[in-house]
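In: can you look at this prediction? I've put the sequence above it.
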There are 2 protein chains.
Amino acid sequence: MNAELDSFDLAILAILQRDNLRPQREVAEQVNLSPAAVQRRIRRLQDSGVIAANTAQLSPEAVGRPLTIFIEVQLVNELDALTQGFRARVAAETAVQQCYAVTGQTDYLLVVTAGDMQEYQAITQRLFDGDQNIQRFNTSIALATLKRSLHLPLPAR
Amino acid sequence: MNAELDSFDLAILAILQRDNLRPQREVAEQVNLSPAAVQRRIRRLQDSGVIAANTAQLSPEAVGRPLTIFIEVQLVNELDALTQGFRARVAAETAVQQCYAVTGQTDYLLVVTAGDMQEYQAITQRLFDGDQNIQRFNTSIALATLKRSLHLPLPAR
DNA sequence: CTTGAAAGCCACATTTA
DNA sequence: TAAATGTGGCTTTCAAG
């Protein structure tokens, strides 16, 4: 899926990653290309999956979800068949923003948002209750958010 | 900052959170409002900070950053003056996507991207080397990414 | 809601590698 | 030859009156 990005592509991506509503005309000026060329490249980057999504990032506090919570999950057995239910519940739970299988003492790391602790408790119940394959899970709470994005540093090329 | 969001705002946000390039006309159809009303509301949501940013989300693999790495950091002393340098380096380090001050055994949780382990090592050096206030840090690596977004569930209202 | 301005989109001719 | 660029016209979207 690596689409052989040249320096024009990278320059375009660097801009769109910060502000994807910027007019193609302006992007074209900044990267020294014609607007049409920029459009074609953006289209290609979309189709090839380099641009995975175009999203508005919302303020968690403004929409009533001030809590960011981390859950480290330890399983009894990592066998695919035994984790299937858990993975399905994670996928279905919209409060789970991020979920990674990780190395180390724990098996999964989840990033969850909630409006309050009561709601968080309901989420954990839905995720874990009754699953015999969950050995334990460890909750920690974000006291402060110093940085939050999915920005990727791009090579200068 | 809480801008008193009504059900129209929430419906608009739900759409833009998933695809902020959708024409306002289509958004208007979906939420049963006139395009002009949608435009005014989007403008207001931007200005009030409910919409914090409009970004293209890139594929980490496609841009050569397949590694997602988590660092739990334990400090010697959490005093503001002593953590200032660390926080500044985190802010400057573009490979650090997310950084939270957390409860529990560790003080900070960082989410970092890298192209390979060598690059990761260089990052940790820049972040931690020579800082007497860093007690220890613990690295774990994402073996798989089941979910990755900053999507926020919105109340139905 | 209507209207002018701007942005996005597409076809064609041209260039470059 | 094949792929990519720029120009220009056309349509849609945006944004103000």
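Out: Right, received. Where do you want to start? Numbers count the residues shown, from 1 in each chain, chains lettered A, B, ... in the order given.

In: once you drop chain neighbours, what's closest to the residue of chain A found nearest DNA strand D?
Out: Distances between chain A and DNA strand D by C-beta to the nearest atom of the strand are smallest at residue A:34, namely 3.0 Å. All C-beta spots, glycine's among them, are computed from the backbone N, C-alpha and C. Leaving aside its sequence neighbours, residue A:34 sits nearest to residue A:28 (C-beta to C-beta, 6 or more residues apart in numbering or on different chains; 5.9 Å).

In: in the host helix or strand of that neighbour, what's buried?
Out: Assessed by DSSP states H and E, residue A:28 sits inside helix A:24-31. Using 16 or more other C-beta atoms under 10 Å in any protein chain shown as the test for burial, helix A:24-31 gives A:24, A:27, A:28, A:31.

In: CA-only coordinates of that helix in CSV, if you can.
Out: C-alpha atoms of helix A:24-31 as CSV (Å, rounded to 0.1, in the frame of the first residue of the first chain):
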residue,chain,number,x,y,z
GLN,A,24,-6.5,23.4,-3.2
ARG,A,25,-5.6,26.7,-4.7
GLU,A,26,-3.7,27.7,-1.6
VAL,A,27,-2.1,24.3,-1.2
ALA,A,28,-1.0,24.5,-4.8
GLU,A,29,0.7,27.8,-4.2
GLN,A,30,2.5,26.5,-1.1
VAL,A,31,3.9,23.5,-2.9
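
In: so what's the residue nearest to residue A:59 when sequence neighbours are not counted up against?
Out: Excluding the flanking residues, the one nearest residue A:59 by C-beta to C-beta, 6+ apart is residue B:52, at 4.9 Å. With contact taken as C-beta atoms under 8 Å, 6 or more residues apart in numbering or on different chains, residue B:52 is in contact with A:57, A:58, A:59.

In: again, but for residue A:8
Out: Counting by C-beta under 8 Å, 6+ apart, residue A:8 touches A:31, A:33, A:37, A:41.

In: now do 7 Å
Out: A:31, A:33, A:41 (C-beta atoms under 7 Å, 6 or more residues apart in numbering or on different chains).

In: Throw those into JSON lines and include distance to residue A:103 and pLDDT, thanks.
Out: Below are these laid out as JSON lines (distance: C-beta to C-beta, whole Å; pLDDT from 0 to 100):
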{"residue": "A:31", "distance to residue A:103": "39", "pLDDT": "96"}
{"residue": "A:33", "distance to residue A:103": "42", "pLDDT": "96"}
{"residue": "A:41", "distance to residue A:103": "37", "pLDDT": "98"}
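
In: tell me the one of those nearest residue A:137?
Out: Nearest to residue A:137 among the contacts of residue A:8, counting by C-beta to C-beta, is residue A:41 at 44.1 Å.

In: so which strand or helix has that closest one?
Out: Residue A:41 belongs to helix A:35-47 when assigned by DSSP H and E.

In: one more: residue A:14?
Out: helix A:7-18.

In: any idea of the mean pLDDT in that helix?
Out: For helix A:7-18, mean pLDDT is 97.

In: same check, this time on stretch A:90-108
Out: Mean predicted confidence for stretch A:90-108 is 98.

In: what residues are up against the residue in chain A that DNA strand C sits nearest to?
Out: Closest contact between chain A and DNA strand C, by C-beta to the nearest atom of the strand, is at residue A:24 (3.3 Å). Shown in contact with residue A:24 (C-beta under 7 Å, 6+ apart): A:35, A:38, A:39.

In: quick check, the residue nearest to residue A:59 in a strand?
Out: Yes: under DSSP: H, G, I helix; E, B strand; the rest coil, residue B:52 sits within a strand.

In: and residue A:55, how far from residue B:131?
Out: Shown here: residue A:55 relative to residue B:131, a distance of 35 Å by C-beta to C-beta, to the nearest Å.
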